[in-house]
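Participant: turn this into a model:
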Amino acid sequence: MALKIIEKNPILVLSIIIILMLLVHLDVPSVTIMEARNFITAREMVRDHNWLLTTMNGEARYEKPPLPTWLSAFSGLIFGINSIFALRLPAALMVLFLGIFLYLLSLKLNLTKLHSFYNALIVITSFYVFAIINEAPWDIYTHGFMLAGIYYLFLILKEKVAIWKNVMLSAFFIGLSILSKGPVSLFAVFLPFLISYGIAFKFKEIKPKIFPIIILLILSILIGGWWFVYVRLADPIAFLEIASKETRNWASYNVKPFYYYWSFFTQSGIWTIPALISILYPFMIKRIENKKIYKFSFWWVLIAIILLSIIPEKKPRYLMPVLIPLAINIGIYINYIIQNFKKSTSKKETFPVYFNFGLISFIAFSLPIVLIIILKTDIKNHLFNFITLTIVCVLIGINIIKYLRNKNIKVVFYLVVLFMISALGLGLPISQSLNKNLAYKSINSLHLIEGTNSIRTYSIGEITPELLWDYNGILKNIYKNEQLFLPNETNFGLLIMNEDVPKITSKLSAQYNLELKETYNLNEGSKMKERLIRQFYLISKK
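Facilitator: Residues are numbered from 1 along each chain as shown. Okay, here's the model as predicted:
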C-alpha cells in the first residue's frame, strides 16, 4: 500500500525527499569558497543596491552572471540576508527542479511513469548533483534551467502541437541557464543532447521546425546575454580585464590530461556500480527493450564526456552535467533488473546486483561503527541523531539483505534511496563534531575591536572569500603588485597572512607602532589551511 501511494505521487515524493535530505539541515555545512563569493555578492546587492554591476568586497565581480546571486539575494530579503539557510535555499530547490524536469523528460521519452520516477530519484540522490549546491552553487542553476529548456525543445522536435508556446518556454529556460553561468551548459548539456538526439532519432520532420528553432536560439541569446552587453557598456575596462582573465584560465588553470574525466561514473556516488554497468553498451543493448532511448542517453553521456575532456581546465565538479543523462542510463538498468532479476540465472547479471546492493547493506551496517571510531566521546553531543541513524541504518541493512534474497529489487532500490535520505538528514548534524579546532576564532568579532578603537581595517593581499563572508563588511586590499598603499588614517587595523608578517612589519616598523591583537582562524577541522588564518595588527603612527 505504501509503495502504491509513493508511486502515484512522484512529484510530491520528490519534494518530501528534498526537504528531508537537504532542507532540514541546510545551514549545517560550512560555507565553501565558491558559496562565499556568491553570498557576499548577494549581500552587497541588498546592502549597496549593486543588482546589475555586481561586486565582491566593493570591487567589480563579473566572472559569473547574476541570476543565481539574485535568487540568493531575494531569498535573503525574505528570510535574512545573513542566513545561510536563506542563501542556500534557491540552490537546494533547484535540485528538486532538476529532478522534476528529468521526470517529465523521461515521460516524453515514452518511459512509464514508474520508470520515469526511478530516473528522477537517481538524479537527485547522485552525489555531485546535491553536493554541487555547496561547492559551486552556479552549476545547479545553469544545468537545471538548461534541462528545462531541453525538455521544451524535445517537445518541439517530437510533437506538432503548441510549437510556439514551447519555443517561448525553451528560450526562456535556456536564457536563464546562460544568465546563470554563461555558455557553460550550452557546451556541456545542450550540444551533447542535440548530437545524441540526431544519432538516436535522426531529426525526422525537422524542416518545418527550423524557423521556430532559429527564433528559439535568438530569444535564448537575448534573454541570457543582455546582462553581458549591459556590463560591457557600463564598465568596459573591468569587464574586459575579468573576461580576459577567465579566458586565460580555460587553457592554463587546473590543466589535466584528456582522460582525467573517465572515472565520471563515480561522481554518481551510491549509484557508481549501476552507473558503470549502464554504460557497458554491448551488455545493455542486448537485454533492454527501449533500445532507442538507451542509445540516446548513452550517446548523450559519452559525447558530454568527450566535449568536457577537450577543455584543458578540468575539475571533478565540472562533471555534474553528465549525471543528468547518466541518471536515465542508470534508470534503464535499474528498471531492467527490477523486471527481470527474479527469472535471471546468468551470473553476469546476478553477481553485480548482489555485489552492489550487498555492499550498500554493509555500508549501512558500518556507518554507526565508523562514526563511533571517529568521534569517540564526542558522539554524546549528537546522541539522539546517532541513535536514530543507527536504528535506521540497521533496519535498512537488514531489509536490503532480506529483499535481495527474495529478489525483490524494486524494494531494494527504494531502500537505497531511503539510506541516502537518512545518511544526509540524520548524519549532517553529527558531521559537525568532525570539525573541531580549538584555535577557531571568528573574524566577525573584529568589529568589536574596530568599534572600541574607532578604526577601519585593511587587508594585506586579497582577503579569502570565507573570511570576508564571516567578517560581514569591506576589507580593502592595500598591498598589490608588491606595493603597499597605506591609508591616511593615523590609526588603522591590518589583517596579514602568517607568511607575510615579517615582510610587512619590516616595512612599517620605522614609521608605525604595530601591536598584535588577535589571530583569526576559520579552520574547522584538524587540517589547517593558511588562507583561512589572519593575524590582526593594530597600527598607529609614531
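Participant: do a quick rundown of the strands in the chain.
Facilitator: 55-56, 59-60, 457-459, 479-480, 483-484, 491-496, 512-521, 533-541 (DSSP state E).
Participant: how about these, which one is nearest residue 324?
Facilitator: strand 55-56 (29.7 Å; Cβ to Cβ). The way it works is simple: take the backbone N, C-alpha and C, and place the C-beta from them, glycine included.
Participant: rewinding a little: would you turn the strands of the chain into TSV with mean neighbour count and mean pLDDT?
Facilitator: Shown next, in TSV, are the strands of the chain (neighbours: other Cβ atoms under 10 Å; pLDDT from 0 to 100):
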stretch	mean neighbour count	mean pLDDT
strand 55-56	20	94
strand 59-60	14	91
strand 457-459	23	95
strand 479-480	16	88
strand 483-484	10	87
strand 491-496	22	93
strand 512-521	16	92
strand 533-541	20	93
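Participant: so can I have CSV of those strands showing distance to residue 419?
Facilitator: Below are those laid out as CSV (distance: least, Cβ to Cβ, whole Å):
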stretch, distance to residue 419
strand 55-56, 39
strand 59-60, 45
strand 457-459, 45
strand 479-480, 50
strand 483-484, 55
strand 491-496, 44
strand 512-521, 36
strand 533-541, 38
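Participant: distance of the nearest residue to residue 479 once chain neighbours are set aside from residue 133?
Facilitator: What sits nearest to residue 479 in space, not counting adjacent residues and going by Cβ to Cβ, 6 or more residues apart in numbering, is residue 460, at 4.5 Å. Separation of residue 460 from residue 133 (Cβ to Cβ, to the nearest Å) stands at 33 Å.
Participant: just give the nearest non-adjacent residue to residue 462, would you?
Facilitator: Nearest-residue entry for residue 462: residue 477, 5.3 Å, with adjacent residues in sequence omitted and distances by Cβ to Cβ, 6+ apart.
Participant: surely that neighbour and residue 457 touch.
Facilitator: No: at 11.5 Å, residue 477 and residue 457 do not qualify as touching, with contact defined as Cβ atoms under 8 Å.
Participant: now do the phi/psi pair for the residue nearest to residue 479.
Facilitator: phi -90, psi 110 (degrees, to the nearest 10).
Participant: what ranges does the stretch 201-350 of the chain have for its helices?
Facilitator: 210-234, 236-252, 272-278, 281-285, 291-310, 323-340, 347-375 (DSSP state H, counting those that start in this stretch).
Participant: one step back: OK, contacts around the residue nearest to residue 462?
Facilitator: Residues near residue 477 by Cβ atoms under 8 Å, 6 or more residues apart in numbering: 57, 458, 459, 460, 461, 462, 463.
Participant: just the buried ones out of those residues, please.
Facilitator: 57, 458, 459, 460, 461, 463 (16 or more other Cβ atoms under 10 Å).
Participant: next one: the second one relative to residue 530, how far apart?
Facilitator: The span separating residue 458 from residue 530 equals 19 Å under the rule Cβ to Cβ.
Participant: hmm, back to that, Throw the buried ones among the contacts of residue 477 into JSON lines and include distance to residue 147, thanks.
Facilitator: Output for the buried ones among the contacts of residue 477, formatted as JSON lines (distance: Cβ to Cβ, whole Å):
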{"residue": "57", "distance to residue 147": "33"}
{"residue": "458", "distance to residue 147": "45"}
{"residue": "459", "distance to residue 147": "40"}
{"residue": "460", "distance to residue 147": "44"}
{"residue": "461", "distance to residue 147": "40"}
{"residue": "463", "distance to residue 147": "36"}
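Participant: show me which positions of the helix or strand of the chain with the lowest mean pLDDT end up buried.
Facilitator: Scoring the helices and strands of the chain by mean pLDDT, DSSP states H and E places helix 236-252 at the bottom, with a mean of 78. Buried residues in helix 236-252, counting neighbours by 16+ other Cβ under 10 Å, are found at 239, 242.
Participant: please name every helix or strand in contact with it.
Facilitator: strand 59-60, helix 210-234 (3 or more Cβ pairs under 8 Å, 6 or more residues apart in numbering; DSSP states H and E).
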